[in-house]
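**Student:** Have a look; sequence and predicted model below, questions after that.
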Amino acid sequence: MSELSVNHLLGIKYLNKKDIQLIFETADHFKEVINRPIKKVPSLRDITIANLFFENSTRTKLSFELAEKRLSADVINFSASQSSVKKGETLIDTVNNILSMKVDMVVMRHPNPGAGVFLSQHVDASIINAGDGAHEHPTQALLDSYSIRERLGDVKGKNVVIVGDILHSRVALSNIYALQLQGANVMVCGPKTLLPKYIKDLGVKVETNLRKALNWCDVANMLRVQNERMDISYFPSTREYTQQYGVNKALLNSLDKDITIMHPGPINRGVEITSDVADSDQAIILDQVQNGVAIRMAVIYLLASKIKH
Ligand code: CP
C-alpha cells in the first residue's frame, strides 16, 4: 500500500513528487465523498485532532475542521487569543497539556517561521503546518496545484506566475516548491521591494512588469499585500500598487489568451484584484476553497494511517 514519505506535514520542502501524487489521488476519492448526500466516512473514528491557531484564519481553520469532521475524527479547537498563552505558558507546555488529553494529531498555525518543525521535535504527535509566519503554508499550495490540475488537466509544463507580495508570503514559497516538483514553470512578479533578495536562487523567473508576466503565463496566482507583516512602506501608495500590480477585466481582455486567475484569500477587492475578475469564470477562487477540504481530508487520512497506537 502507498504511504507518505513523512510522518508530519511541515512544508512542501519535505515532500517528494510521489507524495503529492498520492495526496491528489486520495483527494480525488474524498472529493467524490463530499459531493455525496452523506458527506461523511467513518475512517478516523479512533483519532483525535487538535486545531491550534495562534494567528487569525477563516478558510484554513474551517477547512481543517470540516475535513476532520467529514473523516469522523474527534476535534478540539484552540485559539491563542482565548487561552492561557496570554498568561505566559510556552508553546511546548501548551501542546503537551493538550496532548495529555490523548490527542493524536496537531494542526497548527503560528506567526513564527519554523514553529511546526520545532513542535515536531519536542512533542509526540503528528504535526500539520497550517501556516508558519512568512515561511510555508503547505496545504494551501497542495490545494492550489490540485485546482490547476482540475482546471487545466495537468500542472506539468504550465506557466504559473505568482503576483504581489512575495516577500511576506508563505503561500508563495510553498507554491514555488510544489509547482516545481510537478514540473511547472514558475515566475514571480511584483515591485522589487516585495521580491526577496534570494528569490532567483529558487530557480524561478522574476518579472516586475505585470503585463509581460500575464502574457507569459497560463495561470496567475494573485497575492494580497500583507500589511500586518510590514513595519515600513514598501510602495508609495495602495493606489499606485493597484495601478501596477492589480488585475482588472480590461487588462485581462487586452491579452491574446484566456488565463486562469487564482487567489488564496482573503481578497482585498479593488487592490490586487477587481470584483469583475474575482467573480468571473476566469477565476477559480471558490474552487480552491472547495478543493481545500478534500486535500486536507487526504493529508489527515494519510498521516493518520502512519500513527501507531
Ligand atoms: N488562504 C488562507 O490561509 O486563508 P486564511 O488566512 O483565512 O486561513
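**Tutor:** Yep, it's here.
**Student:** Please count neighbours and contacts with C-alpha atoms only from this point.
**Tutor:** Fine.
**Student:** and stretch 39-46, average pLDDT?
**Tutor:** Averaging pLDDT along stretch 39-46 gives 95.
**Student:** what comes up buried for that stretch?
**Tutor:** Judged by neighbour count using 16 or more other Cα atoms under 10 Å, the buried positions of stretch 39-46 are Lys40, Leu44.
**Student:** any residues touching that stretch, and which ones?
**Tutor:** If you take Cα atoms under 8 Å, 6 or more residues apart in numbering as the criterion, stretch 39-46 is touched by Val33, Ile34, Lys69, Arg70, Leu71, Ser72, Ala73, Asp74, Tyr301, Ala304.
**Student:** Keep only those that also lie close to the ligand.
**Tutor:** When Cα under 6 Å from any ligand atom is applied, no member of the contacts of stretch 39-46 is adjacent to the ligand.
**Student:** Nearest to Leu52 among the residues you listed?
**Tutor:** Taking Cα to Cα as the measure, Leu52 lies nearest Asp74 of the contacts of stretch 39-46, at 14.3 Å.
**Student:** Which residue, neighbours along the chain excluded, lies closest to that closest one?
**Tutor:** Distance criterion Cα to Cα, 6 or more residues apart in numbering; nearest residue to Asp74, sequence neighbours excluded, is Thr48 at 4.6 Å.
**Student:** now the stretch 201-309 of the chain, which segments are flagged as low pLDDT?
**Tutor:** Scanning the stretch 201-309 of the chain for pLDDT under 70 picks out the ranges 309.
**Student:** from the contacts of stretch 39-46, which is closest to Arg151?
**Tutor:** Ile34 (18.9 Å).
**Student:** Give me the most central residue, this structure.
**Tutor:** Geometric centre of the chain, nearest residue: Gln140, 1.6 Å, by Cα atoms, centre = their mean.
**Student:** can I assume that residue is in contact with Val171?
**Tutor:** Yes: with contact defined as Cα atoms under 8 Å, Gln140 counts as touching Val171 (6.6 Å).
**Student:** any common contacting residues for the two?
**Tutor:** Listed as contacting both Gln140 and Val171 by Cα under 8 Å, 6+ apart are Pro264.
**Student:** With the ligand in mind, check whether the helix or strand where Tyr177 lies reaches it.
**Tutor:** For Tyr177, the element it lies in under DSSP states H and E is helix 170-181. No: on the criterion Cα under 6 Å from any ligand atom, helix 170-181 is out of touch with the ligand, staying 7.9 Å away.
**Student:** After that helix, which helix or strand is next?
**Tutor:** strand 185-189.
**Student:** Okay, domains of the chain per the record?
**Tutor:** The chain is divided into the following domains under automatic domain parsing: 12-136+289-304, 138-284.
**Student:** returning to what we had before: TSV for the contacts of stretch 39-46, including neighbour count and distance to Asp144?
**Tutor:** Shown next, in TSV, are the contacts of stretch 39-46 (neighbours: other Cα atoms under 10 Å; distance: Cα to Cα, whole Å):
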residue	neighbour count	distance to Asp144
Val33	16	20
Ile34	17	18
Lys69	20	22
Arg70	22	21
Leu71	22	22
Ser72	18	25
Ala73	21	25
Asp74	17	27
Tyr301	22	19
Ala304	21	23
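**Student:** Just name the closest of those residues to the ligand, please.
**Tutor:** The ligand lies nearest to Lys69 out of the contacts of stretch 39-46, by Cα to the nearest ligand atom, at 17.6 Å.
**Student:** re earlier: and the gap between the residue nearest to the centre of the chain and the ligand?
**Tutor:** Gln140 is 6 Å from the ligand, where distance means Cα to the nearest ligand atom, to the nearest Å.
**Student:** ok, that residue - contacts?
**Tutor:** Gln140 touches Val171, Ser174, Asn175, Pro264, Gly292, counting by Cα under 8 Å, 6+ apart.
**Student:** Touching, the last one and Leu62? I think so.
**Tutor:** What it means is Gly292. No: counting by Cα under 8 Å, Gly292 stays clear of Leu62, with 10.0 Å between them.
**Student:** Of those two, which one has the most company?
**Tutor:** Counted by other Cα atoms under 10 Å, Gly292 and Leu62 do not tie: Gly292 has more neighbours, with 28 against 14.
**Student:** Could you pull up the residues touching that one?
**Tutor:** Gly292 neighbours (Cα under 8 Å, 6+ apart): Ser63, Thr139, Gln140, Leu143.
**Student:** Now do the helices in this protein.
**Tutor:** Counting by DSSP state H, the chain has helices at residues 17-34, 59-70, 91-99, 115-122, 138-152, 170-181, 210-216, 238-245, 249-253, 275-278, 285-304.
**Student:** Buried residues in the first one, which are they?
**Tutor:** Pointing back at helix 17-34 there. So for helix 17-34, counting by 16+ other Cα under 10 Å, buried means Asp19, Ile20, Leu22, Ile23, Phe24, Thr26, Ala27, Asp28, Phe30, Lys31, Val33, Ile34.
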